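A.B. asks: I'd like to go over a predicted model; first the sequence, then the structure.
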Amino acid sequence: MLTHITIGAKDKDQSADFYQAVLGPLGYNMTDLGRWALFSCGEGQQPVLVGQPFEGEASAGNGLMLGFRGENPEKVQAAHAAGLKAGGTDEGAPGPRPQGPPGTYAAYLRDPTGNKIGLFCTIS
């Protein structure tokens, strides 16, 4: 089981704004910890930390994608749109994904550092 997720950022404040815009519609709250921004969405859920790595400058993880669950297509759409407005780039507009498990609805973004994230829900 995961204990937490960290996402490296070239600019912590810019990336924190992006993740606050994207993860807010999915139920996450942000706490600024100085060097890191902490995103949490309830007890028992692993937190997500965004900031500059201790080893130096962040770079996008090649082959790494983090997936976040939305309650429904409207939440996925809202998170995707907010991410674009907050400096993210589109990697796949919201819509059904027939190549995934039945009922998969998803959208994809890259954060300001270039990390790829997915937004997912299941529809009937």
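C.D. replies: Received, thanks. Numbers count the residues shown, from 1 in each chain.
A.B. asks: so for stretch 42-55, what gets flagged as buried?
C.D. replies: Neighbour-count burial for stretch 42-55, counted by 16 or more other C-beta atoms under 10 Å, picks out 47-52. Backbone N, C-alpha and C define where each C-beta goes, glycine included.
A.B. asks: please apply the same query to stretch 117-124.
C.D. replies: Buried, per 16+ other C-beta under 10 Å, within stretch 117-124: 117-121.
A.B. asks: among those residues, which lie within strands?
C.D. replies: 117-121 (DSSP state E).
A.B. asks: could these be laid out in a markdown table, adding distance to Leu2 and pLDDT?
C.D. replies: Converted to a markdown table, these look like this (distance: C-beta to C-beta, whole Å; pLDDT from 0 to 100):
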| residue | distance to Leu2 | pLDDT |
| --- | --- | --- |
| Ile117 | 16 | 96 |
| Gly118 | 16 | 97 |
| Leu119 | 18 | 98 |
| Phe120 | 17 | 97 |
| Cys121 | 20 | 97 |
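A.B. asks: okay if I get those as TSV plus distance to Val76?
C.D. replies: As requested, those are exported to TSV (distance: C-beta to C-beta, whole Å):
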residue	distance to Val76
Ile117	12
Gly118	10
Leu119	5
Phe120	7
Cys121	5
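A.B. asks: residues near Ala106, how many?
C.D. replies: Neighbour count of Ala106, defined by other C-beta atoms under 10 Å: 22.
A.B. asks: now Gln20
C.D. replies: The burial count for Gln20: 18, using other C-beta under 10 Å.
A.B. asks: got the contact list for it?
C.D. replies: 30, 37, 39, 86 (C-beta atoms under 8 Å, 6 or more residues apart in numbering).
A.B. asks: any chance you could map the helices in this structure?
C.D. replies: 12-23, 73-85 (DSSP state H).
A.B. asks: all good on my end, thank you.
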